[in-house]
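*Asks:* Provided below are the primary sequence and the corresponding predicted coordinates.
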Amino acid sequence: MNLTLITGPMKSGKSFEMINRLAPLKHANINFAIYQSSKNKRDDEIKSRNGVSINAIKISSLKEISDKNVSLIGIDEIHMFDEEEVVVIEKMLKNNIDFIVSGLNTDYRGKMFSTIKKLLEIFPSEIVFKKAVCESCKNTNAVYTQVLKNNNPILNGLPSIIPEDGTCYYKPVCRNCFIKE
């Protein structure tokens, strides 16, 4: 079946893209379910920065997904799940269940999340790569997420997935403005 991967940096419209694809299904004869990582503490639902939202079930593992009577599953913050769990998606694809998943492309070091790599290895039928406006130079080609503390880029020493607890600030940046170790 079909796997759609929506990826890109922070503030690129990934959640908005996902909501735009899933919201109309409420009016169709399609049974679907929407999940989001419980590691996402920012929102209780999938919420776009432009104000639209859609309800989602919080889960800590992809193994918690219930595929009873659904033909499509949406998963937000896919990069927050372990790469080994991608086999759950692969198995369900073989059982004729479609997926729309969204998540960050790279971590604060500019390294692709292992979960995103694993999804690419099972060959999505569609890849939507979103770009953002660079918050440093204002060009429209931001592809990285820079993580800062006290206005200084954090270059190492953090886990790949950093909770949004107010300690750090995230901003999308282009290749020219991204600061690597």
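*Replies:* Received it, and whenever you're ready, just let me know what you need. Residues are numbered from 1 along each chain as shown.
*Asks:* quick one, strands of this protein?
*Replies:* For the chain, the strands defined by DSSP state E cover 3-8, 32-37, 46-47, 53-54, 57-59, 72-76, 98-104, 126-129, 144-149, 152-153, 169-173.
*Asks:* and the longest one, how far from the chain's centre?
*Replies:* The offset between the C-alpha centroid of strand 98-104 and the centroid of the whole chain comes to 7 Å, using C-alpha atoms, centre = their mean, to the nearest Å.
*Asks:* Next: the fourth one.
*Replies:* The gap between the average C-alpha position of strand 53-54 and the chain average comes to 15 Å, counting by C-alpha atoms, centre = their mean.
*Asks:* go on, stretch 82-98?
*Replies:* 16 Å.
*Asks:* any idea of the mean pLDDT in it?
*Replies:* Mean pLDDT, computed over stretch 82-98, is 95.
*Asks:* Run through the protein and note the low-pLDDT ranges.
*Replies:* Scanning the chain for pLDDT under 70 picks out 41, 163-166.
*Asks:* which stretches of the chain form helices?
*Replies:* Taking DSSP state H to define them, one finds helices in the chain at 14-22, 86-94, 114-121.
*Asks:* Using CSV, lay out the strands of the chain together with distance to residue 16.
*Replies:* C-beta here means a position set from N, CA and C on the backbone, and glycine is covered the same way. Listed next are the strands of the chain as CSV, based on distance: least, C-beta to C-beta, whole Å:
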stretch, distance to residue 16
strand 3-8, 10
strand 32-37, 14
strand 46-47, 10
strand 53-54, 10
strand 57-59, 20
strand 72-76, 11
strand 98-104, 10
strand 126-129, 11
strand 144-149, 16
strand 152-153, 26
strand 169-173, 14
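*Asks:* Just send the ones you listed back as a markdown table, with distance to residue 112 and mean neighbour count too.
*Replies:* Listed next are the strands of the chain as a markdown table, based on distance: least, C-beta to C-beta, whole Å; neighbours: other C-beta atoms under 10 Å:
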| stretch | distance to residue 112 | mean neighbour count |
| --- | --- | --- |
| strand 3-8 | 9 | 22 |
| strand 32-37 | 18 | 21 |
| strand 46-47 | 22 | 22 |
| strand 53-54 | 27 | 17 |
| strand 57-59 | 23 | 15 |
| strand 72-76 | 18 | 24 |
| strand 98-104 | 9 | 24 |
| strand 126-129 | 12 | 13 |
| strand 144-149 | 11 | 20 |
| strand 152-153 | 18 | 12 |
| strand 169-173 | 16 | 20 |
